[in-house]
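Asker: got a structure for you, letters missing:
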């Protein structure tokens, strides 16, 4: 795949307000839209969060691109997936993030994200530059995107601010790239595409991360 053209297809968050404020805007939108998924205007949402209409509109565009909102032209409603995430967030933040992960994996260009992480773990600022490549707007958009990917458990960040792909992202990227890249046959007795010997050879932290991600995937799709 062409990484430059794929980068242009990333849903990129606005650089006008922080990722934490963007998450807050989503939660307020959930409150206003409610279980009936009522349509709300950007102007009403902006008044609730006390931000400019154009700022909130830019955030809403990103939330729509990742499947949390639906609508256009300044009028949006939550999707059913967005409502489920917002409701779960009230009860269990970790489970809400797992639901958000499933939503991102459905809407995200996983193969090109993995390409940006080809020499993982990648220092956060470097990854931000890679993700922002060829995109309009300020460079911090790449860093804001990383914050969203961390929240959605698409990537992992260690104490040294280095970023690596989650096991769920790796598995999704392998599936999406199956048509364009030759893949080895997955034989019985493998886990996340790895044999028992390969699992045993992983460093302890990576081994635990794989098990955690496997448990998360099973909980999302027990079938």
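Answerer: All right, it came through fine. Not measured: the values here are computed from a predicted model.

Asker: residues near residue 169, how many?
Answerer: 26 (other CB atoms under 10 Å). Quick note: C-beta positions are derived from backbone N, CA and C, even for glycine.

Asker: touching, it and residue 112? I think so.
Answerer: No: using CB atoms under 8 Å as the test, residue 169 is too far from residue 112 to be in contact (11.4 Å).

Asker: OK, contacts around the residue nearest to residue 86 when sequence neighbours are not counted?
Answerer: Leaving aside its chain neighbours, residue 86 sits nearest to residue 30 (3.4 Å; criterion: CB to CB, 6 or more residues apart in numbering). Contacts here follow CB atoms under 8 Å, 6 or more residues apart in numbering; on that basis residue 30 touches 78, 82, 83, 86, 87.

Asker: neighbour-wise, give me the winner out of the residues you listed.
Answerer: Going by other CB under 10 Å, residue 78 tops those with 28 neighbours.

Asker: residue contacts, that one?
Answerer: With the criterion set at CB under 8 Å, 6+ apart, residue 78 makes contact with 29, 30, 33, 37, 68, 69, 70, 86.

Asker: what about residue 123, how many residues close to it?
Answerer: 12.

Asker: for it, give me phi and psi.
Answerer: Torsion angles at residue 123 (phi, psi; degrees, to the nearest 10) stand at phi -60, psi 140.

Asker: so how far is residue 166 from residue 109?
Answerer: 15 Å (CB to CB, to the nearest Å).

Asker: who has more neighbours, the two?
Answerer: Taking neighbours as other CB under 10 Å, residue 109 and residue 166 compare with residue 166 leading, 22 against 17.

Asker: is it correct that the more buried one is in contact with residue 150?
Answerer: No: under the criterion of CB under 8 Å, residue 166 is not in contact with residue 150, lying 9.6 Å apart.

Asker: find residues that contact each of those two.
Answerer: residue 156.

Asker: quick check: buried residues in stretch 71-83?
Answerer: 71, 74, 76, 77, 78, 79, 81, 82, 83 (16 or more other CB atoms under 10 Å).

Asker: may I see the residues you listed organised as a markdown table, with pLDDT, secondary structure and distance to residue 53 added?
Answerer: Shown next, in a markdown table, are the buried residues of stretch 71-83 (pLDDT from 0 to 100; DSSP: H, G, I helix; E, B strand; the rest coil; distance: CB to CB, whole Å):
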| residue | pLDDT | secondary structure | distance to residue 53 |
| --- | --- | --- | --- |
| 71 | 93 | strand | 15 |
| 74 | 92 | coil | 8 |
| 76 | 97 | strand | 13 |
| 77 | 97 | strand | 17 |
| 78 | 97 | strand | 19 |
| 79 | 97 | coil | 22 |
| 81 | 96 | helix | 25 |
| 82 | 97 | helix | 21 |
| 83 | 97 | helix | 23 |
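
Asker: farthest-apart pair in those, please.
Answerer: Maximum pairwise distance in these, criterion CB to CB, is 21.7 Å, between 74 and 81.

Asker: circling back to that earlier point, and of the contacts of residue 78, the nearest to residue 123?
Answerer: The closest of these, once distances to residue 123 are taken by CB to CB, is residue 68, at 28.9 Å.
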